[in-house]
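Trainee: How does the following fold in three dimensions:
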Amino acid sequence: MISTILVKRSLYFVFFIAVLLLFSIFTNHKPNKAFIHGQTMGTTYSITILDYIKNKNLLEIEINKLLININDIFSTYIDSSEISIVNDLEKTTISEEFSHVLNKALYYCKISNGSYDITIAPLVELWGFSDFTEKTIPSQKIIDEILSKIGYENLKVSGTELNKEKYIKIDLNSIAKGYAVDKIALLLDSMNYRDYLIEVGGEIRASGNNNNDSWIIGIQHPVESSIVKKIKLDNLSMATSGTYNNYFTINNIDYSHILNPKTGYPFEYNSVSSTIIAKNCIDADAYATVAMTQNPVEIISLINKSPNVEGYIIQIKDNKLVEYKSLGFENLIVF
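Mentor: Reported below is the predicted structural model:
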């Protein structure tokens, strides 16, 4: 008999970021400091700026305008968004912005040998991870049918021209928040702001200094409401992906939202959290998802070969944390 299904979604990571931001604001108060926050892309965002700001309201309008535009391009929940329209077509012309993010995502599909696949949306819907409906384990027959409609190799991009089979559906949610963070950073840079911290749905980018010190960010414990590591970000981005914040349980077996596009089932690696540090947040965001689809030893090896990228993977074995770190990760830890 199937037991009651439990869906668990954790906001601890975003909460800890907010705590660190607020701590910074109230302990290092400056009259010109701005803290801007709101909702976007089905999540929240927060921005702390330490530079002199002439007009906070105008800046907030520009940031929200930028985020609305990104949502109108990449949201699969908006019928009129560019990605929704593209998903209903075979051959079409896409915007340069869409092309940029799509090509970046395809790069990570390739280096992961397809374990990360942006055409996996039908499988996610099948398992019920795209909404809050009751979760069940799909039959093998239905899984096999869905798998025949998945494959990033079916996407052919040349500049702003995209060719695909009509049944292929693209989902860029695993990379869009990181892209949004980078776009906000570009906006702030164009306005000559230098000391700031941006966070969108837990994806972060830091610039300059936090009152002549590094920006310090906490990495959430995958099970407890505590921090396992504090990281200094000096003009770097950080993204974390985990199985702990989106899974369901049937008959005491946990089923994660990190699905294998080759088998149709959740990955069986014991990794529960991956944190990636990179220059740009779009790379950190994508890499963090890739890391959850790989054996931790193999992904750390790949990270060590990637310039300007560091990683931290957590597994739980026998109720104990097992850590995997890239070669330069220790240099980022604040003790």
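
Trainee: Quick check, central residue of this protein?
Mentor: residue 285 (4.1 Å; CA atoms, centre = their mean).

Trainee: Not counting the helix or strand that one falls within itself, show me its contacts.
Mentor: Secondary-structure assignment from DSSP states H and E places residue 285 in helix 281-291. With CB atoms under 8 Å, 6 or more residues apart in numbering as the contact definition, helix 281-291 has outside contacts at 101, 104-105, 108, 111-112, 115-116, 174-175, 177-179, 181-182, 185, 198, 203-205, 237-241, 258, 271, 274-278, 299, 303, 306, 309, 311, 313. Backbone N, C-alpha and C define where each C-beta goes, glycine included.

Trainee: tilt between the helix or strand that it is followed by and helix 281-291?
Mentor: Past helix 281-291, heading to the C-terminal end, the next element that is a helix or strand (DSSP H and E) is helix 296-304. With axes from the mean of the first three to the mean of the last three CA atoms, to 10 degrees applied, the angle from helix 296-304 to helix 281-291 works out at 160 degrees.

Trainee: And helix 296-304, what's buried?
Mentor: Counting neighbours by 16 or more other CB atoms under 10 Å, one finds that the buried residues in helix 296-304 are 296, 299, 300, 302, 303.

Trainee: Just the CA trace of the following helix or strand past that helix, in CSV.
Mentor: Towards the C-terminus, the helix or strand next in line after helix 296-304, according to DSSP H and E, is strand 309-317. As requested, the backbone C-alpha atoms of strand 309-317 are provided in CSV (Å, rounded to 0.1, in the frame of the first residue of the first chain):
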residue,chain,number,x,y,z
VAL,A,309,35.5,27.2,-11.0
GLU,A,310,35.4,25.7,-7.5
GLY,A,311,33.0,23.1,-6.1
TYR,A,312,31.8,21.6,-2.8
ILE,A,313,29.6,18.4,-2.8
ILE,A,314,27.9,16.9,0.2
GLN,A,315,26.7,13.4,0.6
ILE,A,316,25.0,11.8,3.5
LYS,A,317,26.2,8.3,4.4
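
Trainee: Can you tell me which of the buried residues of helix 296-304 lies closest to residue 317?
Mentor: Minimum distance to residue 317 across the buried residues of helix 296-304 is 11.0 Å, recorded for residue 296 (CB to CB).

Trainee: ok, now which ones touch that closest one?
Mentor: Counting by CB under 8 Å, 6+ apart, residue 296 touches 269, 271, 313, 315, 324.

Trainee: So it versus residue 125, what's the distance?
Mentor: According to CB to CB, to the nearest Å, residue 296 stands 28 Å off from residue 125.

Trainee: Bridging across strands, which residues link to residue 240?
Mentor: In this structure, residue 240 bridges to residue 275 when assessed by DSSP bridges.

Trainee: And for it, the neighbour number?
Mentor: The number of residues packed near residue 240 is 23, by other CB atoms under 10 Å.

Trainee: coming back round to it: would you mind putting the buried residues of helix 296-304 into JSON lines with pLDDT and distance to residue 159 alongside?
Mentor: Shown next, in JSON lines, are the buried residues of helix 296-304 (pLDDT from 0 to 100; distance: CB to CB, whole Å):
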{"residue": "296", "pLDDT": "92", "distance to residue 159": "37"}
{"residue": "299", "pLDDT": "94", "distance to residue 159": "32"}
{"residue": "300", "pLDDT": "96", "distance to residue 159": "35"}
{"residue": "302", "pLDDT": "94", "distance to residue 159": "29"}
{"residue": "303", "pLDDT": "96", "distance to residue 159": "31"}
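
Trainee: ok, these vs residue 79, which is closest?
Mentor: Within the buried residues of helix 296-304, distances to residue 79 taken as CB to CB reach their minimum at residue 299, with 36.2 Å.

Trainee: Quick one, grab the pLDDT at the nearest residue to the closest one once chain neighbours are set aside.
Mentor: Ranked by CB to CB, 6 or more residues apart in numbering and with sequence neighbours excluded, the top spatial neighbour of residue 299 is residue 291, at 4.7 Å. At residue 291, the pLDDT value in this model is 94.

Trainee: Tell me how far residue 291 lies from residue 105.
Mentor: Taking CB to CB as the measure, residue 291 and residue 105 are separated by 15 Å.

Trainee: So between those two, which is more surrounded?
Mentor: Taking other CB under 10 Å, residue 291 and residue 105 do not tie; residue 291 has more neighbours (29 against 26).

Trainee: what separates the more buried one from residue 174, distance-wise?
Mentor: 12 Å.

Trainee: re earlier: mind putting the contacts of residue 296 into TSV with pLDDT, distance to residue 263 and neighbour count?
Mentor: Formatted as TSV, the entries for those read as follows, by pLDDT from 0 to 100; distance: CB to CB, whole Å; neighbours: other CB atoms under 10 Å:
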residue	pLDDT	distance to residue 263	neighbour count
269	68	13	20
271	76	17	25
313	95	21	27
315	89	20	16
324	96	23	20
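
Trainee: Out of these, flag the one nearest to residue 193.
Mentor: residue 313 (33.3 Å).

Trainee: beta partners for the closest one?
Mentor: Taking DSSP bridges as the rule, residue 313 bridges to residue 274, residue 324.

Trainee: mind listing what it touches?
Mentor: 271, 273, 274, 275, 291, 296, 299, 300, 323, 324, 325.
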